[in-house]
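Engineer: When you get a sec, could you give me coordinates for this:
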Amino acid sequence: LFTSRKHIIKGIFMTNKRNSIIFNETGVKNNKFYNLKVILRKSKSFLKEVLSPKINDFYSTLNFLKFRFKVSKKKIKKFKNLHQNETIFLVGAGPSLNNENLDLLNDKIVIAYNFSYQALTNIKPKKFYSCVSGARINPGETIDRSLFDASFRFPGAKEDEHLNLNAIKEDDIILPVPFKFFLYKFKDGGTGFSFDISKEFRHNGGSTGILSCVQIAKYMGSKRIVLLGTDFDCSDKNITHHHDVKFRKTTHWDDDLVKWYQLKKPEIFESLKKLKKILNDNEIEFINASSNTSEKILPKMKLEEIC
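Structural biologist: Model (predicted):
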C-alpha cells in the first residue's frame with residue numbers, strides 16, 4: 001500500500017517495502033537530499049567494484065547464477081509460519097557445545113548450522129533442519145539429507161570458492177540471496193534482514209552465517225529464537241569446534257580461527273545488536289543459551305532453564 005505520509009527512518013537501518021531491512025541507512029525516506037546522498041554512495045561503491053575486478057568476484061557471480069536458477073519460492077513458502085509461536089534453536093558448532101546436555105533438544109525444533117549436526121546424532125528433534133552456507137557448501141556435498149526434515153543452502157562471503165553443482169542436491173531449499181556484487185552494490189549494497197525469505201534472503205553481517213539463519217526462524221513464525229554453540233570466540237587453535245564435528249577445511253582462516261575471531265568479533269557484535277532490535281520490535285525473544293560465549297549483547301539463559 002502506498003501512503004503520502006513521509007516515513008522518518010531512525011537508527012541504523014531502514015525498511016525496504018516492508019519485506020526487508022537494509023542496515024546502515026539513515027535519513028528521511030523520499031527526501032531529495034537523502035536520496036542524492038544514497039545515490040552518490042552507491043555509485044561510488046559500484047564504480048569501485050567495476051574498476052577493481054577480482055577473480056573472487058567472478059566466482060561469486062557464477063555461484064550466484066547457479067543458485068538463482070534453483071530457487072523455488074513454492075518450496076520456501078511451505079515454511080511460512082510453520083512453527084507459529086514456537087521456540088526454535090539455532091545450533092552452531094562452538095566448543096561450548098561439549099558442555100551442553102544435548103538430550104534436552106529431543107522433541108525440540110532445531111536448525112543445525114553447517115556441520116554442527118554431527119554433535120546431535122543421538123537426539124531426536126521434533127523437527128530437524130540443516131542450513132549450510134558459503135565455504136562449507138562444497139564439503140557439505142556429502143551430508144546425508146535424509147537426516148533432516150529440510151536442508152537450506154545459500155552462498156556466502158566474497159572469498160568463497162567455486163561451488164560445485166554436485167554440492168547442491170535436488171531437494172535442497174535454495175535461499176534467494178540478492179546479487180551481492182556489481183549491480184547489487186549499486187542497488188542497495190550492504191547487509192540486512194528479510195521478513196519474507198521467499199523473495200530475498202540477506203546476509204546479516206558478522207561474517208557468520210548462523211546469524212543469517214535468524215531470518216529462517218522468524219519466517220517460520222518462532223516467538224523465541226535460541227542460540228546454542230555460538231561461542232563467537234576461539235582461544236585455542238586446537239579446540240575450534242565441538243569434538244564430534246569434522247569437515248574438510250576450505251579457507252585459510254580454518255587454520256587460524258583465533259585471529260579470525262579477534263578481527264571479526266566487533267562485526268559480529270554489531271550484527272547481534274541490530275538483530276536484537278529487529279526481533280524485539282517484532283516481540284520475538286532472542287536468547288543465547290551457549291554455556292560459554294564472548295558476546296554480552298543478548299540475554300542469557302541456561303539450556304536447562306529453557307527446556
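Engineer: Contact partners for the most centrally placed residue in the chain?
Structural biologist: Per CA atoms, centre = their mean, the C-alpha nearest to the average position across the chain is that of S212, at 1.6 Å. Under the criterion of CB atoms under 8 Å, 6 or more residues apart in numbering, the neighbours of S212 are S133, F154, F201, R202, H203, N204. C-betas here are computed from N, CA, C, even on glycine.
Engineer: now do L211
Structural biologist: Neighbours of L211 in contact, by CB under 8 Å, 6+ apart: N204, G205, I268, S271, L272, L275.
Engineer: will you turn these into JSON lines that also has neighbour count and secondary structure?
Structural biologist: Converted to JSON lines, the contacts of L211 look like this (neighbours: other CB atoms under 10 Å; DSSP: H, G, I helix; E, B strand; the rest coil):
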{"residue": "N204", "neighbour count": "26", "secondary structure": "coil"}
{"residue": "G205", "neighbour count": "22", "secondary structure": "coil"}
{"residue": "I268", "neighbour count": "23", "secondary structure": "helix"}
{"residue": "S271", "neighbour count": "24", "secondary structure": "helix"}
{"residue": "L272", "neighbour count": "24", "secondary structure": "helix"}
{"residue": "L275", "neighbour count": "25", "secondary structure": "helix"}
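Engineer: Sketch out the low-pLDDT regions of the stretch 101-250 of the chain for me.
Structural biologist: Counting by pLDDT under 70, the ranges of the stretch 101-250 of the chain that qualify are 156-161, 180-190, 206-207, 238, 240-241, 243, 247-250.
Engineer: Okay, helices next: where are they in it?
Structural biologist: Along the stretch 101-250 of the chain, counting by DSSP state H, counting those that start in this stretch, helices occupy 183-188, 209-212, 214-219.
Engineer: List the buried residues for stretch 83-95?
Structural biologist: Within stretch 83-95, the residues scored as buried using 16 or more other CB atoms under 10 Å are H83, E86, T87, I88, F89, L90, V91, G92, A93, G94, P95.
Engineer: Give me the subset of the residues you listed that lies in strands.
Structural biologist: Residues of the buried residues of stretch 83-95 located in strands (DSSP state E): T87, I88, F89, L90, V91.
Engineer: so which of the residues you listed comes closest to S52?
Structural biologist: Using CB to CB, L90 comes nearest to S52 of those, at 35.4 Å.
Engineer: F115: neighbour count?
Structural biologist: Per other CB atoms under 10 Å, the neighbour tally for F115 reads 22.
Engineer: Thought I137 was touching it, still the case?
Structural biologist: No: using CB atoms under 8 Å, F115 makes no contact with I137, being 11.5 Å away.
Engineer: Now do the phi/psi pair for the residue nearest to N19 when sequence neighbours are not counted.
Structural biologist: Distance criterion CB to CB, 6 or more residues apart in numbering; nearest residue to N19, sequence neighbours excluded, is D196 at 4.8 Å. The phi and psi values for D196, taken as degrees, to the nearest 10, are phi -130, psi 90.
Engineer: who's in contact with D196?
Structural biologist: Residues in contact with D196 (CB under 8 Å, 6+ apart) are N19, S20, Y219.
Engineer: N288: what's it in contact with?
Structural biologist: V226, L227, T230, E295, L298, P299, K300.
Engineer: Strands along this protein, start to end?
Structural biologist: 8-9, 13-16, 20-23, 27-28, 87-91, 109-113, 127-133, 150-154, 173-174, 192-194, 224-228, 285-288.
Engineer: picking up where we left off before, would you convert the contacts of L211 into a markdown table that also reports distance to N122?
Structural biologist: A markdown table is the format used below for the contacts of L211 (distance: CB to CB, whole Å):
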| residue | distance to N122 |
| --- | --- |
| N204 | 30 |
| G205 | 34 |
| I268 | 29 |
| S271 | 32 |
| L272 | 30 |
| L275 | 30 |
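Engineer: from those residues, which single one is nearest N282?
Structural biologist: Checking those against N282 by CB to CB gives L275 as the nearest, at 10.8 Å.
Engineer: Provide a list of residues in contact with S291.
Structural biologist: S96, N99, E100, K302, L303.
Engineer: among these, which two are most distant?
Structural biologist: Taking CB to CB, no two of these sit farther apart than S96 and K302, at 11.7 Å.
Engineer: higher neighbour count, these two?
Structural biologist: S96 (20 against 13).
Engineer: residues near the spatially closest residue to L303 that is not a sequence neighbour, how many?
Structural biologist: Excluding the flanking residues, the one nearest L303 by CB to CB, 6+ apart is A289, at 4.8 Å. Neighbour count for A289, taken as other CB under 10 Å: 25.
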